[in-house]
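J.: need a 3D model of the sequence below.
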Amino acid sequence: MKQIDLHVHSNASDGTLSPSELVHYAIEKELAAIALTDHDTVLGIKEAMETATTFRNKGIDFSLIPGVEISAGFRKRDIHILGLFVDYTNAYLLAQLDWAVKNREARNEKMAENLRKAGLSITVEELRQEDPKAILTRAHFAKLLYKKGYVKNVKDAFTKFLDENGPYYVNRDYISPEGAIALIKEAGGIPILAHPLLYHLNEREIDALVGNLTEAGLAGIEAIYANNVSNDEAFARSLARKYNLLISGGSDFHGSIKPDIDLGSGRGNLKVPAELLDAMQEYRIKNLLGSNLVY
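T.: This next block holds a predicted model:
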């Protein structure tokens, strides 16, 4: 059975591999497809698509699915909506992502200032030097904190300094979840609720969230995920059945910034079957999403 990975990050946001390197690694791991879903940006997709096309021209059966992971405001924090099969040239999508990046940059400046007030020598200029073309996220702060010796590892950086409930964290302006869904659909994509069990909500609250988002046009839920434990996948699948949603799955691969999560296999036992793409293609045809039905 062919495997895929529909949640992957490059160094266009907070991953450590370039878009081209990601495609090469996916081919090495014999994956049938990956979706490049960087945070609030589609800047890496063109490079990844060109590399994937080179492999297809050589007779290798591989698909690169253009995507994005949009941070949306929910209860004074954020939830993530994946957009799969988006038109990454859509002018409205690009304008809204540019707005999101500018808000993220303003947040980064304030968070760096908070860390300096605590005695940590961290500046946004240093973050940009480390990753000049990337959309800066908390992962970049974590890498710099580790590099400067303020923490023992990257995970420690999130726990001590970058946690959403900590004294140094700064909220930013977010698009609403409903707005993110509408934006993805405007760009011809399929809106998927990413990692629903990571939002510190109980099962009743998650059910209500999924129900409300389904009414707003949500098409799928990421039921298969690298960090699932216990009955997480079973619960997510039950929500998919209840609300007639597509099943998606992915590793949330970032490269060396999250060394315990590998492309395609997550923590070692992740399996996302390629057959999931069949249902997604049927959904796109039925709902007339996008002009190009195959990538």
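
J.: grab the nearest non-local neighbour of residue 40.
T.: Once flanking residues are discounted, residue 40 sits nearest to residue 100: 4.3 Å by C-beta to C-beta, 6 or more residues apart in numbering. In this view, the C-beta of every residue, glycine as well, is placed from N, C-alpha and C.

J.: which element is the one you found on?
T.: Using DSSP states H and E, the element containing residue 100 is helix 91-117.

J.: now residue 172
T.: Going by DSSP H and E, residue 172 is not in any helix or strand.

J.: any idea how far it lies from residue 108?
T.: 9 Å (C-beta to C-beta, to the nearest Å).

J.: repeat for residue 26
T.: As judged by C-beta to C-beta, residue 26 and residue 108 stand 30 Å apart.

J.: which of the two has more residues huddled nearby?
T.: residue 26 (27 against 22; other C-beta atoms under 10 Å).

J.: for the closest residue to the more buried one other than its chain neighbours, what are its contacts?
T.: Among residues not flanking residue 26 along the chain, residue 34 sits closest, at 4.7 Å (C-beta to C-beta, 6+ apart). Residue 34 sits next to 4, 5, 6, 8, 22, 23, 26, 64, 65, 263, 264 when contact means C-beta atoms under 8 Å, 6 or more residues apart in numbering.

J.: low pLDDT regions in the chain?
T.: The chain contains residues with pLDDT under 70 at 288-295.

J.: where does the residue located most distally from the centre of the chain land in three-state SS?
T.: Farthest-out residue of the chain from its mean C-alpha position, per C-alpha atoms, centre = their mean: residue 119, at 31.8 Å. What DSSP: H, G, I helix; E, B strand; the rest coil gives for residue 119 is coil.

J.: what's the separation between it and residue 168?
T.: Per C-beta to C-beta, residue 119 is found 11 Å from residue 168.

J.: next one: residue 80
T.: For residue 80, the distance to residue 168 - C-beta to C-beta - is 21 Å.

J.: looking at these two, which one has more neighbours?
T.: residue 80 (24 against 20).

J.: go ahead and confirm that one touches residue 196.
T.: No. Using C-beta atoms under 8 Å, residue 80 makes no contact with residue 196, being 9.6 Å away.

J.: name the nearest residue to residue 118, sequence neighbours excluded.
T.: Sequence neighbours aside, residue 168 is the residue nearest to residue 118 in space, at 6.6 Å (criterion: C-beta to C-beta, 6+ apart).

J.: can you check residue 44 too?
T.: Nearest one to residue 44, counting by C-beta to C-beta, 6+ apart, is residue 12 at 3.2 Å.

J.: kindly report the same for residue 139.
T.: Spatial nearest neighbour of residue 139, chain neighbours left out: residue 14 (3.7 Å); criterion: C-beta to C-beta, 6+ apart.

J.: residue 147 - how many residues pack around it?
T.: Residue 147 has 12 neighbours, counted by other C-beta under 10 Å.

J.: quick one, what contacts it?
T.: residue 130.

J.: quick check: the gap between it and residue 141.
T.: Using C-beta to C-beta, which is the criterion applied here, residue 147 is 11 Å from residue 141.

J.: so how far is the host helix or strand of the residue nearest to residue 26 off the chain centroid?
T.: For residue 34, the element it lies in under DSSP H and E is strand 33-36. Once both centres are worked out by C-alpha atoms, centre = their mean, to the nearest Å, strand 33-36 turns out to sit 11 Å from its chain's centre.

J.: next one: stretch 104-124
T.: Using C-alpha atoms, centre = their mean, the offset of stretch 104-124 from its chain centre is 24 Å.

J.: can you name the residues in contact with it?
T.: 40, 127, 135-138, 141, 144-145, 148, 150, 161, 167-172.

J.: can you say which of those are buried?
T.: 40, 127, 135-138, 141, 144-145, 150, 161, 168-169, 172 (16 or more other C-beta atoms under 10 Å).

J.: and residue 133, what does it touch?
T.: Neighbour list for residue 133: 11, 12, 43 [criterion: C-beta under 8 Å, 6+ apart].

J.: er, residue 36 I mean
T.: Residue 36 is in contact with 8, 9, 10, 19, 22, 44, 45, 48, 64, 65, 66, 67, counting by C-beta under 8 Å, 6+ apart.

J.: again with residue 265
T.: Listed by C-beta under 8 Å, 6+ apart, the contact partners of residue 265 are 29, 251, 271.
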